[in-house]
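Peer 1: got a predicted model here, sequence first, then my questions.
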Amino acid sequence: MEHGVFPGETVAGADIPDEVIDRYRELSADIASGVGVVSTRLRGRDYAATVSGFLSVSYDPPTLLVSLYAEARIAEAVIDAGSWALSLLPARLRGTANWLASPGSPVEGLLNQVNYGRAPETGAAVIEDSIAWFEVRTTQVTTAATHQLIVGEVVAMGRRAGADDEADPLLHFASAYARLAH
């Protein structure tokens, strides 16, 4: 059996051309991921944004990571607050995902059109009817390129009332929202 080298573009150096960045954006869009909402409460104000860059880091102790664009309001608020919540969205909450992903969304009244409750430990917003939610206290913040990787210990978690194994998660794939085929 012969093994060849895959043709591709080399990505290296400090001055990466725009066309290489665009190609990376195109190819990395094919990484399927879940969609959630990260939220925090800082100085009496709610902050929330749609995210697809999150992962479970460890089961013992329960630890999560979220990746937030460093210049976004949500990144600054999460870092300053020191705690946050992650709500995993079902496909039927695509409208909520769109609203909280919209650039230029208002600071005041951001959650007025979203059904939510409060996490028990920090009071961060938890999206009503989310598949599952996690409340997290930040333990580490690391800069990675244009993003902040925020790691934290889970301090509370739950599943929506009536959730079952037939959850229909909202996914992000090919630069669009999608759902699992049933």
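Peer 2: Alright, I've got the coordinates. Residues are numbered from 1 along each chain as shown.
Peer 1: any idea how many residues pack against the residue lying closest to Ala77 once chain neighbours are set aside?
Peer 2: Excluding its sequence neighbours, the residue lying closest to Ala77 (Cβ to Cβ, 6 or more residues apart in numbering) is Tyr47, at 3.9 Å. Glycine gets a C-beta too; all of them are placed from N, C-alpha and C. If you count neighbours by other Cβ atoms under 10 Å, Tyr47 ends up with 24.
Peer 1: and the pLDDT for Tyr47?
Peer 2: You'll see Tyr47 listed with a pLDDT of 96.
Peer 1: A helix includes it, no?
Peer 2: No: judged by DSSP: H, G, I helix; E, B strand; the rest coil, Tyr47 forms no part of a helix; its state is strand.
Peer 1: quick check: it touching Thr40?
Peer 2: Yes: with contact defined as Cβ atoms under 8 Å, Tyr47 counts as touching Thr40 (5.2 Å).
Peer 1: hang on, the earlier thing: gap between the residue nearest to Ala77 and Gly104?
Peer 2: Using Cβ to Cβ, to the nearest Å, Tyr47 is found at 14 Å from Gly104.
Peer 1: just give the number of residues close to Ala101.
Peer 2: Residues near Ala101, counting by other Cβ under 10 Å, number 16.
Peer 1: bridged to the nearest residue to it once chain neighbours are set aside, which residues?
Peer 2: Leaving aside its sequence neighbours, Ala101 sits nearest to Thr50 (Cβ to Cβ, 6+ apart; 3.8 Å). Beta-bridge partners recorded for Thr50 (DSSP bridges): Val37.
Peer 1: what about Thr50, neighbour count?
Peer 2: When neighbours are counted by other Cβ under 10 Å, Thr50 registers 22.
Peer 1: cool, Asp168 as well?
Peer 2: Using other Cβ under 10 Å, Asp168 has 13 neighbouring residues.
Peer 1: who are the contact partners of it?
Peer 2: Contact analysis of Asp168 by Cβ atoms under 8 Å, 6 or more residues apart in numbering lists Pro90, Ala91, Arg92, Arg179, Leu180, His182.
Peer 1: could you do Val136 as well?
Peer 2: By Cβ under 8 Å, 6+ apart, Val136 lies in contact with Leu64, Ser83, Trp84, Ala85, Leu86, Gly152, Glu153, Val154, Val155.
Peer 1: point out where the chain drops to low pLDDT.
Peer 2: Low-confidence segments of the chain (pLDDT under 70): 13, 160-166, 181-182.
Peer 1: which residue is nearest the middle of it?
Peer 2: Per Cα atoms, centre = their mean, the C-alpha nearest to the average position across the chain is that of Val51, at 2.5 Å.
Peer 1: what are the pairing partners of whatever helix or strand Leu64 lives in, and which direction each?
Peer 2: Applying DSSP states H and E as the criterion places Leu64 in strand 62-69. Strand 62-69 sits in its sheet next to strand 54-59 (antiparallel), strand 147-159 (antiparallel), going by DSSP bridges.
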